[in-house]
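[1] Could you work out the structure for the sequence below:
(one chain, ligands or ions: 1)
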Amino acid sequence: MNNSVKRAHNFNAGPAALPLAVLKKAQAELLDFNDTGMSIMEHSHRGNAYEIVHNRAIELLKELLSIPEGYEVLFLQGGASLQFSMVPMNFLPANKKAGYVMTGVWSEKAYAEAEKLGEVFVAATAKEGNYCQIPALKEINYDADTAYLHVTSNNTIYGTEWHAFPNTEAVPLIADMSSDILSCPIDVSKFALIYAGAQKNIGPSGVTVVIIRRDFLEQAKKNGPTMLQYATFAKNNSLYNTPPTFGIYMMKLVLEWMKAEGGLLGIYKRNQEKAALIYDTIDASNGFYKGHAQLSARSLMNVTFRLADENLEKKFLEQAKQAGFVGLNGHRLVGGCRASIYNAVPYDSCQALRDYMLAFQKENS
Ligand SMILES: Cc1ncc(COP(=O)(O)O)c(C=O)c1O
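    Okay, the predicted model is just below:
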């Protein structure tokens with residue numbers, strides 16, 4: 001195999017970088033999976049070859065995230081965006097209200113979908129200051145009768161992340177972890193439901209991972225369309241209909257890669273080192289680079305920053321592109337620059353970005 005394959009410094013926000021070792025393994029197995037003379041894409045989802053992959057992916061997720069007994073791991077489609085509707089469809093009864101903590105555009109979208117299906121309220125918001133922070137836990141308002149409290153653990157667009165979660169006691173806590181799942185250890189037992197689109201940290205787009213507590217699942221409304229009930233997936237090991245088999249296969253390879261890289265703790269340590277390379281450069285730049293997120297809310301996954309003015313940002317981004325960096329443009333709502341440094345983005349790419357930022361500052365200050 002050619003080891004000197006050309007690889008971009010990929011800082012895309014999602015779909016995002018995948019580990020080179022995973023891509024190579026998938027390439028090697030693409031035509032003939034496990035000596036079956038067929039690609040995994042050509043196997044029946046009811047056949048033994050695929051079922052082993054499917055079950056191993058579930059097992060690895062349980063192991064890597066230390067998911068306690070009493071939880072189901074489900075594979076759905078429709079992206080995290082469909083979860084914005086499925087959560088209230090299943091868990092927002094007519095006599096209750098659901099609380100949403102607003103920490104960015106994705107929280108707003110989740111809220112907007114839930115509002116179509118039942119009663120919702122803003123439990124706390126960080127909108128002031130263009131979502132540069134996470135509300136203090138003590139500022140989150142809800143009562144014991146709240147149907148559930150919804151949070152977005154990492155705000156992909158603004159580059160902020162929750163570093164502690166509320167103890168909601170009897171109120172079910174639900175988290176959209178699309179852009180930071182498996183980036184650091186979490187206490188799954190705090191959550192009634194976690195969902196995440198796979199395309200940032202877990203694999204290619206097309207799979208949505210749901211982790212749901214069984215006793216919470218039992219409270220779900222039973223009258224929704226079959227494919228929009230979590231129970232359908234739970235009862236059938238996510239094989240009620242044809243799952244996105246290739247995406248789940250890729251996810252399994254990514255999870256195996258994570259395990260070989262030291263599991264969640266190994267990945268977390270490297271993520272901290274990668275993020276430090278870029279945040280330290282911002283902090284030592286005497287204001288040449290300005291981080292969007294407040295220090296206490298900085299994301300380990302999406303580093304957002306601005307330069308003095310839009311012309312300088314344009315020059316920074318153009319030259320970065322020429323130098324082989326991909327995906328550094330900030331989201332249009334925040335502007336500036338964003339480096340998404342998910343699990344599979346190599347340390348070397350972050351080092352290269354740090355070096356480029358230092359050189360650019362030197363030439364332009
Ligand atoms: C935090 C968060 N939630 C939800 C979404 C939407 O995900 P999907 O495109 O899988 O529907 C994204 C996509 O970037 C996201 O970052």
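[2] When you work out contacts or count neighbours from here on, use the C-alpha atoms and nothing else.
    Fine.
[3] Helices of the stretch 251-365 of the chain, residue ranges please.
    263-283, 310-322, 347-364 (DSSP state H, counting those that start in this stretch).
[4] Any idea how far the first one is from the middle of the chain?
    Going back to what we said before, that points to helix 263-283. 16 Å (CA atoms, centre = their mean, to the nearest Å).
[5] Name the residues of it that are buried.
    Burial within helix 263-283, assessed by neighbour count using 16 or more other CA atoms under 10 Å, is assigned to 263-265, 267-268, 270-271, 274-279, 281-282.
[6] any idea of the angle it forms with helix 347-364?
    Put simply, helix 263-283 runs at 0 degrees to helix 347-364, going by axes from the mean of the first three to the mean of the last three CA atoms, to 10 degrees.
[7] Could the C-alpha coordinates of helix 263-283 be exported in PDB?
    The C-alpha trace of helix 263-283 is given here as PDB (Å, rounded to 0.1, in the frame of the first residue of the first chain):
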ATOM      1  CA  GLY A 263      -9.600   4.500  24.100                       C
ATOM      2  CA  LEU A 264     -11.500   7.600  25.200                       C
ATOM      3  CA  LEU A 265      -8.700   8.700  27.700                       C
ATOM      4  CA  GLY A 266      -6.000   8.400  25.000                       C
ATOM      5  CA  ILE A 267      -8.100  10.300  22.500                       C
ATOM      6  CA  TYR A 268      -9.100  12.900  25.100                       C
ATOM      7  CA  LYS A 269      -5.500  13.500  26.000                       C
ATOM      8  CA  ARG A 270      -4.500  14.000  22.400                       C
ATOM      9  CA  ASN A 271      -7.500  16.200  21.800                       C
ATOM     10  CA  GLN A 272      -6.400  18.500  24.700                       C
ATOM     11  CA  GLU A 273      -2.900  18.600  23.200                       C
ATOM     12  CA  LYS A 274      -4.200  19.500  19.800                       C
ATOM     13  CA  ALA A 275      -6.500  22.200  21.000                       C
ATOM     14  CA  ALA A 276      -3.800  23.700  23.200                       C
ATOM     15  CA  LEU A 277      -1.600  24.200  20.100                       C
ATOM     16  CA  ILE A 278      -4.200  26.500  18.600                       C
ATOM     17  CA  TYR A 279      -5.600  28.100  21.700                       C
ATOM     18  CA  ASP A 280      -2.100  28.900  23.000                       C
ATOM     19  CA  THR A 281      -1.300  30.500  19.700                       C
ATOM     20  CA  ILE A 282      -4.400  32.700  19.900                       C
ATOM     21  CA  ASP A 283      -3.700  33.600  23.500                       C
END
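[8] which bits of the protein sit near the ligand?
    Taking CA under 6 Å from any ligand atom as the criterion, the chain approaches the ligand at residues 79, 80, 81, 106, 154, 155, 156, 176, 178, 179, 197.
[9] how about CSV for the helices of the stretch 251-365 of the chain, with mean pLDDT and distance to residue 222 added?
    Shown next, in CSV, are these (pLDDT from 0 to 100; distance: least, CA to CA, whole Å):
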stretch, mean pLDDT, distance to residue 222
helix 263-283, 98, 36
helix 310-322, 97, 50
helix 347-364, 98, 47
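[10] Can you say which of those helices is nearest to residue 58?
    Nearest to residue 58, of all those, is helix 263-283, at 15.2 Å by CA to CA.
[11] residues in contact with that closest one?
    64-65, 182-185, 258, 261, 288-291, 300-301, 303, 305, 341-343, 347, 350-351, 353-354, 357-358 (CA atoms under 8 Å, 6 or more residues apart in numbering).
[12] can you do 6 Å?
    Around helix 263-283, the neighbours that count as contacts under CA atoms under 6 Å, 6 or more residues apart in numbering are 183, 184, 289, 300, 347, 350, 354.
[13] what would the residues you listed look like in TSV with distance to residue 334 and neighbour count?
    Compiled in TSV, these are given as follows (distance: CA to CA, whole Å; neighbours: other CA atoms under 10 Å):
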residue	distance to residue 334	neighbour count
183	23	24
184	25	19
289	15	22
300	18	27
347	26	17
350	22	23
354	21	20
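[14] Let me know the closest of those residues to residue 333.
    Scanning these for proximity to residue 333, where the rule is CA to CA, the winner is residue 289, at 18.3 Å.
[15] so where is the stretch 1-150 of the chain shaky, pLDDT-wise?
    1-3 (pLDDT under 70).
[16] Run through the strands of this protein in chain order.
    9-10, 71-76, 97-102, 119-125, 149-152, 154-155, 160-161, 173-176, 193-197, 208-213, 290-291, 302-306, 325-326, 337-340 (DSSP state E).
[17] With mean neighbour count added, can I get the ones you listed in CSV?
    Formatted as CSV, those follow (neighbours: other CA atoms under 10 Å):
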stretch, mean neighbour count
strand 9-10, 22
strand 71-76, 23
strand 97-102, 24
strand 119-125, 19
strand 149-152, 26
strand 154-155, 29
strand 160-161, 28
strand 173-176, 22
strand 193-197, 26
strand 208-213, 23
strand 290-291, 20
strand 302-306, 27
strand 325-326, 18
strand 337-340, 27
